[in-house]
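Trainee: fold the following and give me the result.
(one chain, ligands or ions: 1)
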Amino acid sequence: MGNTIGVYGLGVMGASIAKNMVNKGERVAVYNYTPDLTEKFVEDFPNDRAAAFDDLEEFIRSLEVPRKIFLMVTAGPVVDSVIKSLIPLLDKGDIIMDGGNSDFHDSNRRYHELKGQDLHFISVGVSGGEEGALNGPALMPSGDKDAYQQVAPILEKIAAKVDGKPCCSYLGPEGSGHYVKMVHNGIEYADMQLITEAYQFLREKVGLSVEEISEVFTAWNETDLESYLIEITADILKKKDEETGKPMVDVILDKAGHKGTGKWTSQEALDTGTPSSILTEAVFARYLSAMKEERILAEKQLEGPKPSDEKLDKNDWINVVKEALFMGKICAYAQGFNQYRAAASEYGWSLDLGEIALIFRDGCIIRADFLNTISEAFKENPKLTNLLLAPYFLEKSNQYQSSLRKVVMKGMEFGLALPCLSSSLTYYDGYRSAQSGANMIQAQRDYFGAHTYERNDKEGTFHTEW
Ligand code: 6PG
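Mentor: As a prediction, the model looks like this:
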């Protein structure tokens, strides 16, 4: 009896996905380019349904036809070289899935290249980290629907479930699955930064201790803010450094890393003319954080408001910060979902925004209670132009916008940088302004470059001799 699926790449994520498949009843062949990880896998996880191979040909030969191979290797050129090594061993109709955080442009190319050789390529966005991969990730697959249907029983079995429904469904052609994962990460960056700003505000301006903020986040997690990122933030704030006894957050260097997906989301937003400003501010905030040495020097020279020990009243402000955070999240998710719409029209994909929100309800890093409501909003009105205009979010926005305004204004008054909260407010105010300032831009463009402008009161294009 052949193996039902092969997992290529046994790093943390690959090994966890393979174990998840075995645990759900699949017969899984595993292979890694270097045998050390294969040996470790066998040692850690002895199981009759898992077969480890050191030889690539034997690994492929062990699979049922059509062969299904799940790649979990480093995104980038490694994926191409692995695919190249597999092609001579495969037959027409075999299916390669890529579960890495690949650039969707590469996935589009790989899809077409493999199709030209009568092989199927399925992009699978995978979210949820090691824990998710092992027990139920959110999966975002795309490619040919027929090919998806052949792997669906396995993918849907290993995915997280909400009310019995898997957090995995076919999203569209080509590399659209990796596009969906990329924007998921753009939203993830913004969500993390918004939470960080709420934490900083509570600590520095409301004067709460780390323990108190942990309690605040735990309480918020019982409200409309309920989400994985809020939950882990509360947990992080509880953790003490064993060496110094200080809160763990206080001994971690304030330079944020990144692997590219957030940046790609912003690059795509620029290319498709989508104002994903909050998502982009989150990327820039990471870049600015990385300039630690420069920031240390600048703090000594550049003035701001005089530091004061005076703190805001916690009885008034904790809830204001909560509402500001919720409001920031609505704006960030609105931008992310608008980017899906822009991609659908740019690349000719029919992305179902309600379905994407359903996938995000569990397993993934941005899983949150309010994704149910986001999903309902897009299911009820697939043509919804902006999440802010869906009845539930419209009501919340009208209720919470003044809190966002208060926090941003206080932050500015105190000289506390709040890039994503302030960008959320700017986006919100810009979006709800029927009259923008762009008439002046048009006048300036026409003044120095005769670029012409349109008028409010008649049709046509005009130029003025300024
Ligand atoms: C997920 C995450 C994951 C991502 C890491 C690191 O959905 O499970 O998005 O895929 O790769 O969180 O991302 P950065 O290093 O760019 O922060």
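
Trainee: switch to C-alpha atoms for all contacts and neighbour counts from now on
Mentor: OK.

Trainee: can you tell me the helix or strand for Glu376?
Mentor: helix 370-380 (DSSP states H and E).

Trainee: and the next helix or strand past that helix?
Mentor: helix 391-414.

Trainee: nearest spatial neighbour of the closest residue to the ligand within the stretch 351-466 of the chain, skipping sequence neighbours?
Mentor: Using Cα to the nearest ligand atom, the closest approach of the stretch 351-466 of the chain to the ligand is made by Ile365 at 5.1 Å. Nearest residue to Ile365 in three dimensions, chain neighbours excluded: Gly128, at 5.3 Å (Cα to Cα, 6 or more residues apart in numbering).

Trainee: ok, that neighbour touching Phe360?
Mentor: No: if you go by Cα atoms under 8 Å, Gly128 and Phe360 don't touch, sitting 10.1 Å apart.

Trainee: pairing partners for the residue of the stretch 1-150 of the chain found nearest the ligand in the sheet, please.
Mentor: Going by Cα to the nearest ligand atom, the ligand is nearest to Ser127 of the stretch 1-150 of the chain, at 3.4 Å. Note on Ser127: beta-bridge partners by DSSP bridges are Ala138.

Trainee: ok, it touching Arg367?
Mentor: No: using Cα under 8 Å, Ser127 is not in contact with Arg367; the gap is 9.8 Å.

Trainee: what backbone torsions are found at Val162?
Mentor: phi -130, psi 120 (degrees, to the nearest 10).

Trainee: residue contacts, Leu56?
Mentor: Tyr31 (Cα atoms under 8 Å, 6 or more residues apart in numbering).

Trainee: look up how far Ile87 lies from it.
Mentor: Distance of Leu56 to Ile87, given as Cα to Cα, to the nearest Å: 12 Å.

Trainee: sec struct for the residue nearest to the spatial centre of the chain, please.
Mentor: Geometric centre of the chain, nearest residue: Asn185, 1.8 Å, by Cα atoms, centre = their mean. At Asn185, secondary structure determined by DSSP: H, G, I helix; E, B strand; the rest coil is helix.

Trainee: quick one, grab the pLDDT at it.
Mentor: If you check Asn185, the pLDDT there is 98.

Trainee: one more: Thr385?
Mentor: At Thr385, the pLDDT value in this model is 96.

Trainee: can you count the residues close to it?
Mentor: Neighbour count of Thr385, defined by other Cα atoms under 10 Å: 14.

Trainee: spatially nearest residue to it, not counting backbone neighbours?
Mentor: Thr385 sits nearest to Asn338 (Cα to Cα, 6+ apart), 7.6 Å away.

Trainee: I'd like the distance from that neighbour to Leu353, if you could.
Mentor: 9 Å.

Trainee: buried residues in stretch 277-291, which are they?
Mentor: Ser277, Ile278, Leu279, Thr280, Glu281, Ala282, Val283, Phe284, Ala285, Arg286, Ser289, Ala290 (16 or more other Cα atoms under 10 Å).

Trainee: of Gly128 and Phe360, who's got more company?
Mentor: More crowded of Gly128 and Phe360, by other Cα under 10 Å: Phe360, with 26 against 21.

Trainee: my guess is that one contacts Pro137. True?
Mentor: No: contact criterion Cα under 8 Å: Phe360 and Pro137 do not qualify, at 9.7 Å.

Trainee: give me the common contacts of these two.
Mentor: Cys167.

Trainee: before we move on, the earlier item: more neighbours: Ser127 and Arg367, which one.
Mentor: Neighbours per residue, other Cα under 10 Å: of Ser127 and Arg367, the larger number sits with Ser127, 28 against 23.

Trainee: who's in contact with that one?
Mentor: Ala133, Pro137, Ala138, Leu139, Lys181, Gly363, Cys364, Ile365.

Trainee: with Ser277 instead?
Mentor: Neighbours of Ser277 in contact, by Cα under 8 Å, 6+ apart: Gln335, Ser423, Tyr427.
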